[in-house]
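Enquirer: any chance you can model this:
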Amino acid sequence: MKKIIAAALSLCIFGGALPVISNYAPDTVMTASAEDNEYTYYEEDYLEYRVYSDHAELYQYSILSDNGNIVVPDEVMGVPVTSIASYAFQGSGPVNSIIISDNVTTISESAFSGCEYLASVKLPNGLTSIPDRAFDGCSSLTNIDIPDSVTKIGVEAFKSCKLLTDIKIPSGVETISYGTLQYCSALESVCLPESVSWIDHDAFNSCTSLASINIPESVTVINGETFRGCESLVSVKLPSGIKQISELAFYGCSALTRLTLPESVTCIAQSAFAYCSALEDITILAPECEIYDDASTISNRYSRTGESVNGASVYKYYFDGIIRGCSGSTAQSYAEKYGYTFAAIDGEPVCGDANSNGTIEMADAVLILQFQANPDKYGENGTDEGHITAQGLINADCSGSEDGVTAKDALAIQKYLLKSITLPEE
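Expert: I've put the predicted structure just below:
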């Protein structure tokens with residue numbers, strides 16, 4: 001199906017009246033005067049274009065089409081197709097797959113939003129930006145390859161892509177925008193490049209299958225509700241220079257069991273770790289970290305009090321785990337105010353107890369060797385839930401040498417268990 005209509009963006013007014021053009025037939029041409037931006041309407045295979053002198057824009061996909069496999073061509077009417085307009089496919093008939101020509105350099109806001117049957121997309125090489133809400137609500141999309149040329153991903157770009165299982169962010173992207181992957185409930189893994197320095201609010205909110213994430217070193221703030229409701233999240237590697245954990249950042253992360261906050265953290269905001277039901281051990285290394293003054297800030301369970309304020313129920317929050325920090329620290333003050341268990345990390349170490357469970361055992365030697373072999377996984381901020389903690393590193397240095405925690409310490413623990421030495425080894 002083809003249709004060509006020449007048109008102009010300017011209106012000519014004669015004697016105060018507007019010329020009216022109607023009841024045209026397909027394959028006819030209508031002309032009008034124009035100063036700039038004159039284009040021709042062109043339609044083929046249910047795709048409608050605005051064709052200019054040197055390029056064309058795909059601006060609409062016909063709702064009447066029953067062909068769900070779309071190919072955006074290299075050119076129409078002898079000029080390259082270089083852009084896809086805002087809302088071009090929104091509300092269209094079923095769209096199952098899209099292959100976009102490499103001539104396309106611009107995709108505009110919400111171009112594919114609401115395409116609930118869209119399962120496969122080939123983005124053009126050379127694309128530099130994925131705009132706001134580009135694929136919002138594409139609930140059948142299972143994976144997408146983002147070209148390395150992309151440096152910007154917009155607000156809610158992949159929101160509610162409920163079958164998307166993994167995504168790799170290109171190395172030039174610096175910002176994960178607001179709600180980029182919010183409600184992507186099947187998302188299991190995300191690869192964030194070191195170029196990322198800002199992760200905005202709600203970026204991963206309710207990604208209920210996300211199990212682990214490494215946050216790049218250049219990130220200094222975990223923004224509000226970034227990981228709220230990530231109920232499968234067991235491992236978070238925080239950057240060494242992180243300064244702030246914002247409100248509700250990890251609210252409801254019900255699989256998270258232990259976490260160490262680097263000494264750089266100066267602020268833990270309201271309900272940052274509220275209702276983390278499996279959390280049993282959190283270490284706050286900064287002595288003067290500002291902790292929001294409410295029992296919910298660090299908590300793993302709650303109950304209704306039976307009271308209400310303005311019609312809303314009032315809840316009481318509890319924490320049954322251990323808060324670790326320096327003696328006299330704000331962490332200690334917070335724990336004591338709300339009746340939470342506190343353990344000082346600057347007290348007398350239990351020499352050899354690398355896993356900080358109160359006993360010296362072969363598991364301590366194993367953890368030291370794991371830490372040596374794979375610090376990204378088993379180091380103080382490692383991705384494994386059983387990684388060594390700040391206190392564990394103090395305890396592990398037991399061989400009597402002055403070279404930090406090494407394999408010598410693991411050997412010393414084994415000797416101790418064989419009753420051939422005492423710890424620390426002399």
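Enquirer: following the lengthiest strand in the chain, which helix or strand comes up?
Expert: Looking across the chain with DSSP state E, the single longest strand is strand 301-309. Next along the chain after strand 301-309, taking DSSP states H and E as the criterion, comes strand 312-318.
Enquirer: how far off centre is the longest strand of the chain?
Expert: Centroid separation for strand 301-309 versus its chain: 32 Å, with C-alpha atoms, centre = their mean, to the nearest Å.
Enquirer: quick one: strands adjacent to it?
Expert: Strand 301-309 has its sheet partners listed here by DSSP bridges as strand 312-318 (antiparallel).
Enquirer: show me how far the partner strand is from its chain's centre.
Expert: That offset, for strand 312-318, works out to 29 Å (C-alpha atoms, centre = their mean).
Enquirer: show the subsequent helix or strand relative to that strand.
Expert: Taking DSSP H and E, what comes next after strand 312-318 is strand 322-325.
Enquirer: so how far is stretch 230-242 from its chain's centroid?
Expert: For stretch 230-242, the distance to the chain centre is 11 Å (C-alpha atoms, centre = their mean).
Enquirer: list the buried residues for it?
Expert: By neighbour count with 16 or more other C-beta atoms under 10 Å, stretch 230-242 contains the buried residues Cys230, Glu231, Ser232, Leu233, Val234, Ser235, Val236, Lys237, Leu238, Pro239, Ile242. Where C-beta positions appear, they are placed from N, C-alpha and C, glycine not excepted.
Enquirer: quick one: the last one and Glu217 touch, right?
Expert: Yep, that's Ile242 we're talking about. No. In this structure Ile242 lies outside contact range of Glu217 using C-beta atoms under 8 Å: 9.1 Å.
Enquirer: so where's this protein uncertain?
Expert: 1-36, 64-66, 91-93, 347-349, 402 (pLDDT under 70).
Enquirer: name the SS class of the residue nearest to the spatial centre of it, please.
Expert: Central residue of the chain (C-alpha atoms, centre = their mean): Phe204, 4.1 Å from the mean position. Secondary structure, DSSP: H, G, I helix; E, B strand; the rest coil: Phe204 is coil.
Enquirer: residue contacts, it?
Expert: Leu181, Gln182, Cys184, Leu187, Val190, Leu210, Ile213, Thr226, Phe227, Cys230 (C-beta atoms under 8 Å, 6 or more residues apart in numbering).
Enquirer: do the same with Lys408
Expert: Going by C-beta under 8 Å, 6+ apart, Lys408 touches Ser399, Ser401.
Enquirer: hang on, it in a helix?
Expert: Yes. If the criterion is three-state DSSP, then Lys408 is within a helix.
Enquirer: so Gln332 belongs to a helix, correct?
Expert: Yes. Checked against three-state DSSP, Gln332 lies within a helix.
Enquirer: who does the residue lying closest to it once chain neighbours are set aside bridge with?
Expert: Spatial nearest neighbour of Gln332, excluding adjacent residues (C-beta to C-beta, 6 or more residues apart in numbering): Phe342 at 5.1 Å. Per DSSP bridges, the residues bridged to Phe342 are Ile323.
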